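Chemist: just need the structure, nothing else, for what follows:
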Amino acid sequence: MAIPSTMLRVLKRRPLSYTVLVIFMLDRSLSMSELKTYDHRSKWEHLVELVERLLARLARSNMAPAFRVGFVWFSDDVKVVERGGAVYFPVTEHNPALRVFQESTEENRPYGMTAMADALEHAAMIIERYIEDTSIPSEKYVTVFMFTDGKETKRTPEDVVEVADRITGELQEKLRALNQRNRIGLATIALGLDADRETLRTIASFLREAQRRVLEERGLIDLVDPPYHEKMFIDAPRNDKITREWEEAVRRFVERLSETAIF
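Modeler: Predicted coordinates for the structure are as follows:
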C-alpha cells in the first residue's frame, strides 16, 4: 500500500511505539441485498469484498505492525466480531483480522432494518476496551468507518448523534488522558441515496489539515464531503449505483484515513 512520501519520512524517524485501531461498522440490513452495483452483485457482497481488500492492503503497509482492526455488523441487532475474548485483531502474522472477518460473513448476511445508534454503542465498547488495554503502548489512535445505506429504524437520529458525540467527545478525552497525541476520528460512507446522509455528515469528524493535504495529493478530495470538503463523509454514489470507480475511491479514502490517523 503506497504511503505519501511525507509520511514515510516520519515513519522512518519514529519507532513503532503506537497502535492504530480501525473499526469497520458494516450495515447488513435487508436493503444491502439490492443489486445496485456495476456488476449486479449485491451491495453487501461489494462491501465484504471492499473490506477484504482493505485488510490485505493494511497488512502490506509500512504501518502494518501498528494496526488493530475490529468489526461491528448491524441490522435489527448488532454483532461485534469476537474470538477468544478479543474484539480487535492484528493484520500481521497471517492476517488474523482478515481471517476472523471472513469467518463472520456467513452469519451476517442481509436481513432486517438499521440500528445505527446501537451499533455505535458497540463500537464505543470496543474503543473502551482498547483504551484500557495495557498490553499495547499508551499512544493510541482510533478511526471508525461506518458504512450504511439506511436510516435509523430502532431509535432516533438524535440518538445516533448523541452516541457519536460520546465517541468523539468523552471517549476521546479519556484516550487523551493516556497521551495528549491520541485522537478518535469517525468517518461515514453512504452506500445509497436512501441513507440518512444528513445525519451521517453530522456525526462525521472534521478532516485535519494533514489529512486534507493527503487526500488532495491523491486526487480524492472532490469525493469527500462535497461541496465543502470539511468532514470525513462520503456521499452516496451518483444515480444510486455503486460504480467501479466510486468503490475504488472509497477504498483509497479508507486507506488514507487509516494511515493518517497519527498525523
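Chemist: could you use CA atoms for every contact and neighbour count after this?
Modeler: Fine.
Chemist: what's the separation between Ala124 and Tyr130?
Modeler: 10 Å (Cα to Cα, to the nearest Å).
Chemist: and Ala117, that's in a helix?
Modeler: Yes. The assignment for Ala117 (DSSP: H, G, I helix; E, B strand; the rest coil) places it in a helix.
Chemist: returning to what we had before: tell me which of Ala124 and Tyr130 has more neighbours.
Modeler: A count of neighbours by other Cα atoms under 10 Å puts Tyr130 above the other of Ala124 and Tyr130, at 23 against 20.
Chemist: neighbours of Glu45, how many?
Modeler: Glu45 has 17 neighbouring residues, counting by other Cα under 10 Å.
Chemist: check it and give its pLDDT.
Modeler: We have a pLDDT of 98 for Glu45.
Chemist: what packs against the helix or strand containing it?
Modeler: Element membership of Glu45, judged by DSSP states H and E, is helix 43-60. The contact analysis (3 or more Cα pairs under 8 Å, 6 or more residues apart in numbering; DSSP states H and E) places helix 43-60 against helix 96-105, helix 244-259.
Chemist: surely Val214 meets Arg256?
Modeler: Yes. With contact defined as Cα atoms under 8 Å, Val214 counts as touching Arg256 (7.4 Å).
Chemist: got the angle between the helix holding Glu45 and helix 244-259?
Modeler: 40 degrees (axes from the mean of the first three to the mean of the last three Cα atoms, to 10 degrees).
Chemist: now helix 43-60: buried residues?
Modeler: For helix 43-60, burial by neighbour count (16 or more other Cα atoms under 10 Å) applies to 43-47, 51-52, 54-59.
Chemist: tabulate the helices and strands packed on helix 43-60 (TSV), appending distance to Glu152 and mean pLDDT.
Modeler: Shown next, in TSV, are these (distance: least, Cα to Cα, whole Å; pLDDT from 0 to 100):
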stretch	distance to Glu152	mean pLDDT
helix 96-105	22	98
helix 244-259	22	96
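Chemist: quick one, which of these is nearest to Ala66?
Modeler: helix 244-259 (10.0 Å; Cα to Cα).
Chemist: which residues of this structure fall in strands?
Modeler: 18-27, 67-74, 78-80, 89-90, 139-148, 183-190, 233-234 (DSSP state E).
Chemist: how many neighbours does the nearest residue to Ala123 once chain neighbours are set aside have?
Modeler: Closest residue to Ala123 apart from its sequence neighbours, by Cα to Cα, 6 or more residues apart in numbering: Val72 at 6.7 Å. Residues lying near Val72 (other Cα under 10 Å) number 22.
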